[in-house]
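>>> Give me coordinates for this.
(one chain, ligands or ions: 1)
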Amino acid sequence: ETGYELWLRYQPIANAQYVNACKQLIRSLEIKGTSPTLRAARSELERGLNGMLRINLPLSHSGSILLGKPENIPAITPAIKEQLSKAGTEGFLIKTITIGGKNRILIAGNTDQALLYGVFHFLRLIQTEQPVRQLDILSVPRSPLRLLNHWDNPDRTIERGYAGFSLWQWNNLPAYIDQRVIDYARANASIGINGTVLTNVNANALILTPEFLQKVKALADVFRVYGIKTFLTARFSAPIEIGGLKTADPLDPAVREWWKKKADSIYQLIPDFGGFLVKANSEGQPGPQDYERTHADGANMLAEALAPHKGIVMWRAFVYSHTSDDRFKQAYEEFKPLDGKFSSNVLVQVKNGPIDFQPREPFSPLFGAMPATPLMMEFQLTQEYLGQSTHLVYQATLYKETLDADTYTNGKGSPVSSTLSGFAGVANIGNDLNWCGHPFAQSNWYALGRLSWDYTLSSETIATEWIKQTFTPQPAFVQPVLKMMMRSRELLVNYMTPLGLTHMMYNDHHYGPMPWGNTLNRPDWNPVYYHKADKAGIGFNRTGSGSNALRQYAAPVQQQFENIDNCPDDYLLWFHHASWDHKMQSGRTLWDELCYRYHTATDSVRAMQQQWKSLQRFVDAERFSHVQQMLAIQASEAAWWRDACLLYFQTFSGKPFPAGYEQPKHDLEYYKDLRIHLTY
Ligand code: BDP
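Just a heads-up that it's a prediction; the model follows:
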């Protein structure tokens with residue numbers, strides 16, 4: 001298998017007892033309606049049931065599966081109506097009902113999109129071998145916005161993409177629709193993703209030209225069938241670049257008019273267009289500050305153009321300037337004062353942590369700090385700083401760590417998830433045969449969808465579902481793979497940036513260790529800025545005696561971190577410059593703990609390699625070997641991280657490696673001389 005089928009493989013189920021039980025209950029289908037979305041739902045049901053149970057699903061007036069909206073189902077009871085009144089426009093009900101003495105499986109919802117979600121959930125139940133007798137599942141998304149963000153360029157390269165080129169074949173659109181685009185939409189609908197931003201945040205105004213908009217329309221026409229709205233990134237200077245204006249000043253009437261006309265023309269083609277995602281005045285992108293205007297001025301101008309069409313603006317808070325003493329503080333400093341100043345159809349989109357998608361970050365202090373502004377969470381599925389598509393990292397544990405963190409902004413029990421109005425995941429998808437590069441990277445796409453639908457799901461639950469569907473439901477495979485996945489992100493943290501170290505990757509491509517990096521013009525692009533290692537110790541003091549970034553959190557959060565003696569080990573160096581002899585909570589000294597973490601994590605990757613090897617009989621040869629080869633690279637790169645970092649930090653600590661550890665294969669100069677930054 002190539003992995004192309006993702007978690008929608010629908011392989012014949014081997015468990016005969018389960019198959020028989022299903023076959024007694026599932027024989028035929030009654031479907032109420034004929035919309036393209038319902039046709040897609042039906043064809044998915046047929047495909048899935050045929051694949052898994054070998055059932056051809058004939059249509060019948062009293063079909064054992066009844067798929068429809070309440071107004072089309074005369075026999076519906078008041079109790080069911082009551083349940084569906086809580087389902088909103090996207091939630092669904094899957095329920096065993098009795099009509100005329102006959103048991104039937106009702107899949108109901110208030111819109112066709114909801115019915116499609118219901119069908120996918122039903123198929124998931126079967127693919128994971130859940131009982132289908134006595135069903136009563138009401139599932140309603142907890143978040144209205146569940147988006148992927150593609151950082152795709154018009155030339156089909158993908159910023160931070162590690163799985164090939166963009167799925168959007170701009171050259172062939174609008175005349176040609178690749179089957180992949182349809183399968184992409186199916187996959188998203190199966191996990192509840194309801195929006196996609198097609199283009200890079202480092203935006204190109206070309207996408208807003210009439211020629212490109214025709215192409216975007218062709219994609220939007222496909223996505224609509226699957227309940228997915230289309231969004232674009234808006235380059236702030238587009239009125240100059242493609243509009244012939246002299247300025248992009250958001251308070252200039254001609255500029256405002258230009259955006260209104262642009263929005264009108266988009267909605268003529270795509271009546272349900274979602275809106276714009278904007279990166280402005282960040283990393284060289286144009287923005288309102290070029291005209292001495294605020295982020296709110298810029299966002300509100302676009303919001304005004306989109307409002308008549310019910311479109312939204314997602315304005316990113318990823319900003320930092322070279323003048324601040326601590327990059328950590330910047331987004332908060334710029335955005336917090338703007339709380340309440342944004343139009344009602346603007347959301348501010350915030351990365352999970354204050355810096356930039358590191359293996360571990362504390363939550364961004366903006367969550368909970370802007371009560372008058374709807375905020376969106378931005379997670380990065382593509383593993384820019386997490387071993388790209390080479391390392392096996394299941395990131396749901398990272399997402400959950402952020403979502404569950406208590407902001408205390410409304411007292412105890414105010415988790416980050418409670419401060420959110422939407423979710424965005426920076427996509428890890430390209431035109432590689434298996435979509436995501438590493439076979440396990442698909443799990444991060446899957447997890448983003450499932451968590452955006454219901455952030456109370458545990459990462460174990462999501463991983464278990466994914467493993468069963470993507471490989472096999474056999475417990476002897478599921479259990480060990482679940483363990484591997486659940487530990488994988490913690491291992492990566494520990495062999496790359498343990499104890500709160502951060503941003504020590506090579507310049508530019510961010511692959512591999514470069515803790516010595518100090519050559520870039522901007523200090524806050526250099527690893528030495530983040531770890532601040534010296535003879536006295538290591539770490540970034542963000543307490544009152546340092547940058548005082550901690551002050552941006554609610555008092556109880558500050559208290560968790562501000563005292564060096566009880567700051568959790570995992571965050572120590574995020575907030576403190578600690579001496580090499582500092583006594584960790586583990587009882588070891590900081591230096592010994594650093595050595596311990598790097599070594600045990602590297603050993604654990606080797607153990608993971610052995611574990612995978614023992615599971616060969618459960619997996620097709622192609623995917624087995626792909627994962628196996630990747631794990632071998634990961635194991636050797638974990639050792640590379642370990643040795644490069646420990647040798648480098650040893651030049652400051654002056655301490656020996658504790659006895660019993662494997663010695664580095666090379667000296668520090670060897671690692672510094674590696675030419676990966678030239679060839680990668
Ligand atoms: C950084 C990436 C850069 C993105 C930027 C962003 O290195 O390529 O453009 O984030 O999120 O992590 O805007």
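>>> And the strands in the stretch 451-600 of the chain?
According to DSSP state E, counting those that start in this stretch, the stretch 451-600 of the chain carries its strands in the segments 537-538, 578-579.
>>> Would you mind giving those strands as a markdown table with mean pLDDT and distance to the ligand added?
For glycine as for every other residue, the C-beta is placed from the backbone atoms N, C-alpha and C. Conversion of the strands of the stretch 451-600 of the chain to a markdown table gives the following (pLDDT from 0 to 100; distance: least, Cβ to the nearest ligand atom, whole Å):
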| stretch | mean pLDDT | distance to the ligand |
| --- | --- | --- |
| strand 537-538 | 98 | 24 |
| strand 578-579 | 98 | 27 |
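>>> Give me the three-state assignment for residue 350.
strand (DSSP: H, G, I helix; E, B strand; the rest coil).
>>> So which of the strands of the stretch 451-600 of the chain is the most surrounded?
strand 537-538 (a mean of 23; mean count of other Cβ atoms under 10 Å).
>>> Which elements pack onto that one?
Strand 537-538 is packed against strand 578-579, helix 621-653, with contacts defined by 3 or more Cβ pairs under 8 Å, 6 or more residues apart in numbering; DSSP states H and E.
>>> mind checking the end-to-end distance for stretch 205-214?
End-to-end span of stretch 205-214 (Cα to Cα, to the nearest Å): 15 Å.
>>> Which positions in it come out as buried?
By neighbour count on 16 or more other Cβ atoms under 10 Å, the buried set for stretch 205-214 is 205, 206, 207, 208, 212, 213.
>>> Mind listing what's buried along stretch 298-306?
By neighbour count, with 16+ other Cβ under 10 Å as the criterion, the buried positions of stretch 298-306 are 298, 299, 300, 301, 302, 303, 304, 305, 306.
>>> Contact residues of the stretch 201-350 of the chain facing the ligand?
For the stretch 201-350 of the chain, the contact set with the ligand under Cβ under 6 Å from any ligand atom comprises 201, 202, 279, 283, 318.
>>> wait, isn't the second one in contact with residue 280?
No - proximity of residue 202 to residue 280 does not meet the contact threshold set by Cβ atoms under 8 Å, at 11.1 Å.
>>> neighbour-wise, which of these two wins?
Looking at residue 202 and residue 280 with other Cβ atoms under 10 Å, you find the greater number of neighbours at residue 280, namely 25 against 15.
>>> How is this structure divided into domains?
Domain ranges of the chain: 16-139, 145-457, 495-679, per automatic domain parsing.
>>> Need the winner for burial among these.
Most buried among these, given mean count of other Cβ under 10 Å as the contact rule, is domain 145-457, at a mean of 21.
>>> could you give me the average pLDDT of that domain?
Here domain 145-457 scores 98 as its mean pLDDT.
>>> same question, stretch 522-535
95.
>>> Output that stretch as CSV - backbone C-alpha positions only.
The C-alpha coordinates for stretch 522-535 follow below in CSV (Å, rounded to 0.1, in the frame of the first residue of the first chain):
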residue,chain,number,x,y,z
ARG,A,522,18.8,39.7,13.8
PRO,A,523,19.7,38.5,17.3
ASP,A,524,16.3,36.8,17.7
TRP,A,525,16.9,34.6,14.7
ASN,A,526,20.0,33.1,16.4
PRO,A,527,20.0,30.0,18.7
VAL,A,528,22.4,31.7,21.2
TYR,A,529,19.7,34.3,21.8
TYR,A,530,17.4,31.6,23.0
HIS,A,531,19.6,29.4,25.2
LYS,A,532,22.0,32.1,26.5
ALA,A,533,24.5,29.5,27.7
ASP,A,534,27.6,30.8,29.5
LYS,A,535,29.9,29.7,32.2
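>>> any idea how far that stretch is from the chain center?
28 Å (Cα atoms, centre = their mean, to the nearest Å).
>>> Need the residues that contact that stretch.
If you take Cβ atoms under 8 Å, 6 or more residues apart in numbering as the criterion, stretch 522-535 is touched by 320, 322, 324, 327, 355, 501-505, 507, 514-520, 538-541, 573, 577, 648-649, 652, 654.
>>> now residue 266, what's its secondary structure?
On the three-state scheme (three-state DSSP), residue 266 is labelled helix.
>>> repeat for residue 165
coil.
>>> Can you tell me, leaving aside adjacent residues, what's nearest to it?
residue 156 (4.4 Å; Cβ to Cβ, 6 or more residues apart in numbering).
>>> just residue 11 next, same as before
Nearest non-adjacent residue to residue 11 (Cβ to Cβ, 6+ apart): residue 51, at 6.5 Å.
>>> mind listing what the one you found touches?
If a contact means Cβ under 8 Å, 6+ apart, then residue 51 has 9, 10, 11, 12 as its contacts.
>>> ok, those residues vs the ligand, which is closest?
Out of the contacts of residue 51, the one with the shortest distance to the ligand is residue 9. That distance is 32.6 Å, counting by Cβ to the nearest ligand atom.
>>> Checking my notes, that closest one in a strand, right?
No - assessed with three-state DSSP, residue 9 is coil; it does not lie in a strand.
>>> ok, and the closest non-adjacent residue to it?
Ranked by Cβ to Cβ, 6+ apart and with sequence neighbours excluded, the top spatial neighbour of residue 9 is residue 469, at 6.7 Å.
>>> Who are the contact partners of the residue nearest to residue 165?
Under the criterion of Cβ under 8 Å, 6+ apart, the contact partners of residue 156 comprise 165, 166, 168, 169, 170.
>>> Residue of the stretch 251-400 of the chain nearest the ligand, please.
residue 356 (4.5 Å).
>>> ok, that residue touching residue 503?
Yes - in this structure residue 356 lies within contact range of residue 503 using Cβ under 8 Å: 7.1 Å.
>>> what touches both of these two?
Listed contacts common to residue 356 and residue 503 are residue 385; contacts here mean Cβ under 8 Å, 6+ apart.
>>> Can you read off the pLDDT for residue 679?
The predicted structure lists residue 679 with a pLDDT of 50.
>>> out of the contacts of residue 156, who's nearest residue 242?
residue 170 (15.8 Å; Cβ to Cβ).
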